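[1] Make a model of this:
(2 chains)
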Amino acid sequence: MVRFLLRRLSLLPVQLFGLLVLVFLLTRLIPGDPAYALAGGQATAEQVERIRQSMGLDQPLWVQFWRYVTGVLQGDWGTSLQTNSPVVHDLVQRAPATLLLMFFSLLMIILLVLLLVGWLLWRPHGLAHKVVNGYGFLAGVVPDFWVGLSLVSLLYVQLGIGASPSGQLDARLTVTPVTNVGLIDAAIAVDPSAVANAVSHLVLPCITLIFVYLAPVVRIMSAVTEKVNGSDFARFADSWGISPWRRIRYILRFTSPTMVTTLASTTVFLVGGAVLVETVFSWGGVGQYAVAAVTRSDYVGVQGFVLIAGLFTAMVYLANDLLHAAIDPQLRKA
Amino acid sequence: MKSLIPTTLAGKVGVAGSFICVVLAVIGPWVAPYDPEKPTVDVLQAPGFAHPFGTDASGLDIFSVVIAAFRTDLSIALLGVGASFVLGLVLGSISGFSAAGGRIWGVLARIVDAALDVFQSIPVTVFALALAAIFGRGTGAVITAVIFVTTPVFARLIRSSLNSVVRGGLVASCRILGLGTMRTLTRHALPNSVDSAVANISVSLGVSVLLTAALSFLGAGVRPPTPEWGYVISMGANYVATGQWWISLMPGLVLCLSVVAFALTGEAVREWLAGAGLTAAAASEEAALSTGQTERTP
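    Okay, the predicted model is just below:
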């Protein structure tokens, strides 16, 4: 176990180095003079020159990279052009809102995939099969932002469910911002009506993410469990006459490594989903920040977002491998 | 020769739908009832006889824009996926055929494998956004994003079929016949390995359409006034909450239907190839059983 841990952890610096190179090159690949682009459209010649000096754009590339890396490690991720404040500050302020969205969606995805796969194992040939296949196909062909807009139109406008797609709380509510997450701030202020309001704002974006990102998980898990369902060990369990409950439990235990990996990649792809869904619902998280950065040519902001998304991805895959080792004894010995 | 008409209903619907999409991409801008770039006098009108999909806040006829957008979205998809297919063929060959090549080939294969892993672990939208930020919004950036996103899938499919072909003994038999590595690859191994990638073309076209729309929706894609589905959806997004749903939802519906058509066509192609006995698994078995037969394939 210790050897596995050490080997896996030694991979991390390599991954992070690769990420830093990639993110560094992002601004150096801008066609034309990066200093002009980074200074923004209205910059004067002196401002451009100052950026060239401060970023060391007149130095060799490896000096620039060294400067960038030491800056990032010291928490200096540059200054955003759109907000004029440090990118780290912007990201830290907005990340909790995105994480909340992802956390609730992921929680529901886990619950729903267990329910659907359990149903499929219970009645493999009936309605469950059709529902799972039909849903899996449908969710693969619809764009997530369009699902969000359709839900707003159908549930909010027509049926009055959920809240308007305008942030995490109604504008009329004033809650002291502590974490910049509507739900948590409302809870800290002990304001039940604000909490209810925050929850109603959470409903539609979460349903959107769940609808689109549950599908691949269900598709993979139903294929895997179907295979296991017909395997020798399942038939052997049947011949012993074990209860259906226990049978489902055994099969889920057996397929749990696949489940963990699928959920890990879903978590990573939820970051991409959050970008679109946050834009639809004006959520005010890092995703919306990144989109605004792209449309306003705020390269430093985009760079910061890609870096934080990359760090998140590396952490999720690390957690995935550690969980695997915890679940699968064969991996620990290898 | 097996009939080209799909046997299943889903396949027939898919192929017919894809055909309509292609036809509209060619003639779309000419058959649109209104000019897709010039507003009419009717502003924010609900779908009706004069405007089947309604009009937007400036008076643009949504139906005309949606019809004209087929050309934009499909040409991006065809260019992007075409380039991806070729690139995937090259990368997949490097990676999947390394067992038959020399030491340098092995090193190249390692690099390609690592690059494929990296690209598949980055969220698509994040990556495409970064590309759009560097190269500026526009058709070129969208096509580049499509290529980056769809190439790894082609490369992986080619790699895994090549692996099974190599394991099936085809390379060994070509060696015995005195054929060089490149000739073995291009004349014998690849023709037996492209099937799954060919079936994936149609699926990738759908992925490309979804990505193009997503980027334009975020303001990082095609430049207006070029008619594009995602851009129209973003124009209507602010009106959905106030009840003018048609601006966003109608273009999205057409987009979904065309992606469905591409997905079903992909399924039909897969079935057709399987029926013609040309799947990767079958090919490798064939190679193992009678190498003479694979020798004759064009």
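[2] Kindly report the residues of chain B close to chain A.
    B:118, B:121-126, B:129-130, B:132-137, B:206, B:210, B:213-214, B:217-220, B:230, B:233, B:236-237, B:240-243, B:245, B:248-249, B:252, B:255-256, B:259-260, B:263 (C-beta under 8 Å from any C-beta of the partner chain). For glycine as for every other residue, the C-beta is placed from the backbone atoms N, C-alpha and C.
[3] buried subset of those?
    Buried subset of the residues of chain B next to chain A (neighbour count, 16 or more other C-beta atoms under 10 Å in any protein chain shown): B:121-126, B:129-130, B:132-137, B:206, B:210, B:213-214, B:217-220, B:230, B:233, B:236-237, B:240-241, B:245, B:248-249, B:252, B:255-256, B:259-260, B:263.
[4] OK, contacts around A:I251?
    A:L121, A:T225, A:V228, A:N229, A:A234 (C-beta atoms under 8 Å, 6 or more residues apart in numbering or on different chains).
[5] helix or strand for it, which one?
    helix A:244-254 (DSSP states H and E).
[6] Could you list the buried residues of that helix?
    Quick answer for helix A:244-254 (16+ other C-beta under 10 Å): A:R247, A:I248, A:I251, A:L252.
[7] Redo those as a markdown table? Include pLDDT.
    As requested, these are exported to a markdown table (pLDDT from 0 to 100):
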| residue | pLDDT |
| --- | --- |
| A:R247 | 85 |
| A:I248 | 85 |
| A:I251 | 86 |
| A:L252 | 85 |
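[8] So whichever residue of the stretch 201-334 of chain A sits closest to chain B versus A:V132, what's the distance?
    At 3.3 Å from chain B, A:G272 is the closest residue in the stretch 201-334 of chain A, using C-beta to the nearest C-beta. Noted for A:G272: a distance of 24 Å to A:V132, by C-beta to C-beta, to the nearest Å.
[9] what does B:C256 give?
    20 Å.
[10] Kindly report the same for A:G126.
    11 Å.
[11] What residues does the stretch 201-334 of chain A have near chain B?
    A:265, A:268-269, A:271-273, A:275-276, A:279-280, A:290-291, A:293-295, A:297, A:299, A:302, A:305-306, A:309-310, A:313, A:317.
[12] Which of the residues you listed fall in helices?
    A:265, A:268-269, A:271-273, A:275-276, A:279-280, A:290-291, A:293-295, A:299, A:302, A:305-306, A:309-310, A:313, A:317 (DSSP state H).
[13] Using CSV, write down the CA coordinates of stretch A:119-136.
    Provided in CSV are the C-alpha atoms of stretch A:119-136 (Å, rounded to 0.1, in the frame of the first residue of the first chain):
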residue,chain,number,x,y,z
TRP,A,119,-33.8,-1.3,-11.0
LEU,A,120,-32.0,-2.7,-14.0
LEU,A,121,-30.6,-5.6,-12.0
TRP,A,122,-34.0,-6.2,-10.3
ARG,A,123,-35.9,-6.5,-13.7
PRO,A,124,-33.3,-6.7,-16.4
HIS,A,125,-35.6,-7.2,-19.4
GLY,A,126,-38.6,-5.0,-18.6
LEU,A,127,-39.3,-1.3,-18.7
ALA,A,128,-36.0,-0.5,-16.9
HIS,A,129,-34.0,-1.5,-20.0
LYS,A,130,-36.0,0.7,-22.3
VAL,A,131,-36.0,3.7,-19.9
VAL,A,132,-32.2,3.5,-19.4
ASN,A,133,-31.4,3.1,-23.1
GLY,A,134,-33.9,5.8,-24.2
TYR,A,135,-32.7,8.3,-21.6
GLY,A,136,-29.0,7.5,-22.4
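[14] what comes up buried for it?
    So stretch A:119-136, judged by 16+ other C-beta under 10 Å, has buried residues A:W119, A:L120, A:L121, A:A128, A:V132, A:Y135, A:G136.
[15] what residues does that stretch touch?
    With C-beta under 8 Å, 6+ apart, stretch A:119-136 has contacts from A:116, A:215-216, A:218-219, A:222, A:225-226, A:229, A:244, A:247-248, A:251.
[16] now do stretch B:28-40
    Taking C-beta under 8 Å, 6+ apart as the rule, stretch B:28-40 contacts B:24, B:51, B:55, B:58-61, B:63-65, B:67-71, B:225, B:227.
[17] How far away from the center of its chain is it?
    In terms of C-alpha atoms, centre = their mean, to the nearest Å, the centre of stretch B:28-40 is set 27 Å apart from its chain centre.
[18] what's the first-to-last distance across that stretch?
    19 Å (C-alpha to C-alpha, to the nearest Å).
[19] Secondary structure, distance to A:L5 and pLDDT added to the contacts of A:I251, as JSON lines?
    As requested, these are exported to JSON lines (DSSP: H, G, I helix; E, B strand; the rest coil; distance: C-beta to C-beta, whole Å; pLDDT from 0 to 100):
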{"residue": "A:L121", "secondary structure": "helix", "distance to A:L5": "34", "pLDDT": "85"}
{"residue": "A:T225", "secondary structure": "helix", "distance to A:L5": "30", "pLDDT": "85"}
{"residue": "A:V228", "secondary structure": "helix", "distance to A:L5": "29", "pLDDT": "85"}
{"residue": "A:N229", "secondary structure": "helix", "distance to A:L5": "34", "pLDDT": "81"}
{"residue": "A:A234", "secondary structure": "helix", "distance to A:L5": "33", "pLDDT": "84"}
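[20] before we move on, back to that, just checking, the residue of the stretch 201-334 of chain A closest to chain B touches B:P123?
    Yes - the criterion here is C-beta atoms under 8 Å, and A:G272 meets it with B:P123 at 3.3 Å.
[21] Surely A:P34 and A:G56 touch.
    No - if you go by C-beta under 8 Å, A:P34 and A:G56 don't touch, sitting 11.3 Å apart.
[22] Now residue 201: which helix or strand?
    Since you didn't name a chain, this refers to chain A. A:H201 belongs to helix A:192-229, assigned by DSSP H and E.
[23] look at chain B instead
    Counting by DSSP H and E, B:I201 is found in helix B:195-217.
[24] Show me what that helix packs onto, helices and strands only.
    Helices and strands touching helix B:195-217, as assessed by 3 or more C-beta pairs under 8 Å, 6 or more residues apart in numbering or on different chains; DSSP states H and E, comprise helix A:144-151, helix A:256-281, helix B:62-96, helix B:124-135, helix B:139-167, helix B:229-240, helix B:246-275, helix B:280-289.
[25] To A:A198, which of those helices lies closest?
    helix A:256-281 (12.8 Å; C-beta to C-beta).
[26] any idea how far A:G78 is from chain B?
    A:G78 sits 14 Å away from chain B, going by C-beta to the nearest C-beta, to the nearest Å.
[27] just checking, that residue touches A:H89?
    No - in this structure A:G78 lies outside contact range of A:H89 using C-beta under 8 Å: 11.1 Å.
[28] higher neighbour count, those two?
    A:G78 (22 against 14; other C-beta atoms under 10 Å in any protein chain shown).
[29] Who are the contact partners of A:V306?
    Per C-beta under 8 Å, 6+ apart, neighbours of A:V306: A:L22, A:V23, A:L26, B:V126, B:A130.
[30] repeat that with 10 Å
    A:L19, A:L22, A:V23, A:L26, A:A290, B:I122, B:V126, B:F127, B:L129, B:A130, B:A133 (C-beta atoms under 10 Å, 6 or more residues apart in numbering or on different chains).
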